[in-house]
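*Asks:* Whatever this is, show me its structure:
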Amino acid sequence: MPPRDAMTDYAPLELPDDPKLTHNITHFARALRAAGLPIGPGRVIDAVRAVAAAGFSSREDFFFTLRACLVTRPEHLTIFAQVFRLYWRDPRYMEHMMAMMLPAIRGVQEDRSAQAAEKRAAEALLDGVARDAPEIEEHDSDEVQIDIDASATMSGEERLRKLDFEQMSTAEAAQAKRMLARLTLPVKPFASRRGVESPQGARLDMRRSLRGALRHGGEMRRIHRKKPRERWPNLVVLCDISGSMSQYSRMVLHFLHAVANQKGAGWARVHAFTFGTQLTNITRQLATRDVDAALAAAGKQAQDWEGGTRIGASLHAFNRDWSRRVMGQGAVVLLITDGLDRDAPEALSHEMERLHLSSRRLIWLNPLLRWEGFAPKAKGIRAMLPHVDAFRAGHSIATLEDLAEAISRRDDDGEKARLMVALQGE
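*Replies:* The predicted model follows:
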């Protein structure tokens, strides 16, 4: 097969069916490109030629023929499936198909929760399509009274707070990022073993008291007291950027950028690491004040974005190379991953135990907790769950707000207790 860049080498296409199909495949590819898939003209030509060669024996063959030519990354399979389902619902011309599809898309967004990437697929298909303005009936009088019942509605921000990151449209994701930039993650100091002089302290400072007595010939004229010195912990974040976590990790990194650049939150330092197939330190990149520049630099630094997942190997690299550098101040660790790992569960359990022993508090945020029927059945989750202090959801703005309230509470374990009962009962 000739290279895709050599477009001039392709012979003119001779399709046996209606030539409008070529235009529809081209517009379909444009919709995929608008939804985020990297599709150039060479791939479009390959798709048309493949469809001409494969024929139209079934809808399933047509689906897989287009997918083989237009999809190159596993994380784009869901978007392709949604755009295909919406686009090829009506086999007629694109304009008529768009008009027929508008009520269906509205129904998708209003009657039930959108599936993964469904809103972004609908936006890509409807880009540039004019919506019909609602018709207003004419009345004899000049004044028209409109009654609106808002008793069962909620504000846009309130609905967006509870919306799954994966179900957000492009506009909703942009608004959510602005809301995340306003969130805070305050922490309370903890008492260290070192003491500081305090007249109201509960502990006796015998060293200072004896020094004072030596100045007066051994006569102890004053009993000195001390209280524990306050220490502010480090925040260490380990964020999964594999294909299954891509949308969640992007939103969480916006939140972490706000935390890293916030003054007065109490953290001594904020250290951020990403992992997929390898561990990457992005602490310096997140320190950039501009969030877009910071995440762009972090994306360049992390070469395994939207790739596979090797949680055990990544945690091993952190425990070996970084634990002593960043965990010395009684650090709080946020582990953000779905726990779906390819490594051996025994090695993963060992690395999680090492991480837990090195941290003051280990909190696991898992977007899979958005499902009501979630159970610890995956081997990776079963290996990791016993070694965390708290197991919480991390799929929406509301869950990150709850994290801010619970991070300083030692008695908060999220869903760990319930899931440990289910794990031990098997």
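
*Asks:* Show me the domain layout of this structure.
*Replies:* Following automatic domain parsing, one finds the domains of the chain at 13-125, 193-230, 235-424.

*Asks:* mind listing what's buried in the shortest one?
*Replies:* The one in question is domain 193-230. 195, 205, 208, 212, 224-228 (16 or more other Cβ atoms under 10 Å). Placement of C-beta: from N, CA and C, glycine included.

*Asks:* By mean pLDDT, flag the weakest helix or strand of this structure.
*Replies:* Between all helices and strands in the chain, the lowest mean by mean pLDDT, DSSP states H and E belongs to helix 94-111, at a mean of 40.

*Asks:* one step back: so which of the buried residues of domain 193-230 belong to helices?
*Replies:* Counting by DSSP state H, these place 208, 212 in helices.

*Asks:* Pick out whichever of the buried residues of domain 193-230 sits closest to Glu415.
*Replies:* Nearest to Glu415 among the buried residues of domain 193-230 is Pro228, at 32.2 Å by Cβ to Cβ.

*Asks:* and stretch 314-322, average pLDDT?
*Replies:* Averaged over stretch 314-322, pLDDT sits at 95.

*Asks:* which residues sit against that stretch?
*Replies:* Contacts to stretch 314-322, defined as Cβ atoms under 8 Å, 6 or more residues apart in numbering, come from residues 238, 271, 273, 275-279, 281, 347-348, 351-352, 354-355, 358.

*Asks:* Does Pro367 touch Ser249 like I think?
*Replies:* No. Assessed by Cβ atoms under 8 Å, Pro367 is found out of contact with Ser249, at 9.5 Å.

*Asks:* So for stretch 413-425, what gets flagged as buried?
*Replies:* Residues of stretch 413-425 classed as buried: 413-416, 419, 423 (neighbour count, 16+ other Cβ under 10 Å).

*Asks:* swap that for stretch 290-300, please
*Replies:* For stretch 290-300, the neighbour count (16+ other Cβ under 10 Å) marks 291, 294-295, 297-299 as buried.

*Asks:* Now flag whichever of those residues is closest to Arg325.
*Replies:* Nearest to Arg325, judged by Cβ to Cβ, of these is Ala298 at 19.1 Å.

*Asks:* measure the residue in the chain sticking out farthest from the centre to Arg207 for me?
*Replies:* Distance from the C-alpha centroid of the chain, by Cα atoms, centre = their mean, peaks at Gly217 (67.2 Å). Using Cβ to Cβ, to the nearest Å, Gly217 is found at 18 Å from Arg207.

*Asks:* same deal with Gln167?
*Replies:* For Gln167, the distance to Arg207 equals 61 Å [Cβ to Cβ].

*Asks:* my read: Gly330 touches Glu230, true?
*Replies:* No. In this structure, Gly330 is not within contact of Glu230 by Cβ under 8 Å, at 11.6 Å.

*Asks:* Show me whatever sits in contact with both of those two.
*Replies:* When Cβ under 8 Å, 6+ apart defines a contact, the residues bordering Gly330 and Glu230 alike are Phe190.

*Asks:* how about Asp240, what does it touch?
*Replies:* Asp240 sits next to 249, 274-276, 309, 311, 336-338 when contact means Cβ under 8 Å, 6+ apart.

*Asks:* repeat for Ala68
*Replies:* Ala68 makes contact with Ala50 under the criterion Cβ under 8 Å, 6+ apart.

*Asks:* before we move on, what about Glu351?
*Replies:* Contacts of Glu351 (Cβ under 8 Å, 6+ apart): 312, 315-316, 319.

*Asks:* Doesn't it lie inside a helix?
*Replies:* Yes. Counting by DSSP: H, G, I helix; E, B strand; the rest coil, Glu351 is found in a helix.

*Asks:* please renumber so the chain begins at 56
*Replies:* Noted, 56 is the first residue going forward, which turns the last one into Glu406.

*Asks:* What separation do you get for it and Ala357?
*Replies:* Glu406 is 20 Å from Ala357, by Cβ to Cβ.

*Asks:* Next: Ala257.
*Replies:* 48 Å.

*Asks:* for the stretch 356-481 of the chain, what spans make up the helices?
*Replies:* Secondary structure of the stretch 356-481 of the chain (DSSP state H, counting those that start in this stretch): helices at 366-376, 378-381, 400-413, 434-439, 452-461, 471-479.

*Asks:* quick check: mean pLDDT across the fifth one?
*Replies:* It refers to helix 452-461. Helix 452-461 carries an average pLDDT of 86.

*Asks:* picking that back up, just give me the closest of the contacts of stretch 369-377 to Phe83.
*Replies:* Nearest to Phe83 among these, counting by Cβ to Cβ, is Gly331 at 30.2 Å.

*Asks:* Look up how far Ile436 lies from the closest one.
*Replies:* 18 Å.

*Asks:* Let me know the closest of the contacts of stretch 369-377 to Ser299.
*Replies:* Set against Ser299, the nearest of the contacts of stretch 369-377 by Cβ to Cβ is Gly331 (10.0 Å).

*Asks:* Against Glu221, how distant is the closest one?
*Replies:* Counting by Cβ to Cβ, the gap from Gly331 to Glu221 is 18 Å.

*Asks:* In terms of packing, which of those two has more residues around it?
*Replies:* Gly331 (27 against 22; other Cβ atoms under 10 Å).

*Asks:* Check the more buried one and give its pLDDT.
*Replies:* Per-residue confidence (pLDDT) for Gly331: 89.

*Asks:* For it, which non-adjacent residue is closest in space?
*Replies:* Spatially, and ignoring its direct neighbours in sequence, Gly331 is nearest to Asp359 (3.8 Å; Cβ to Cβ, 6 or more residues apart in numbering).

*Asks:* Looks like the one you found contacts Arg365 (just checking).
*Replies:* No. With contact defined as Cβ under 8 Å, Asp359 does not reach Arg365; the gap is 9.1 Å.

*Asks:* These two: which is more packed in?
*Replies:* Looking at Asp359 and Arg365 with other Cβ under 10 Å, you find the greater number of neighbours at Arg365, namely 21 against 18.

*Asks:* give me every residue that touches the more buried one.
*Replies:* By Cβ under 8 Å, 6+ apart, Arg365 lies in contact with 330-333, 396-398.

*Asks:* about what we covered before: Val381 versus the residue nearest to Gly331, what's the distance?
*Replies:* Asp359 is 21 Å from Val381, where distance means Cβ to Cβ.

*Asks:* Over to Met306?
*Replies:* Distance from Met306 to Val381, counting by Cβ to Cβ: 24 Å.
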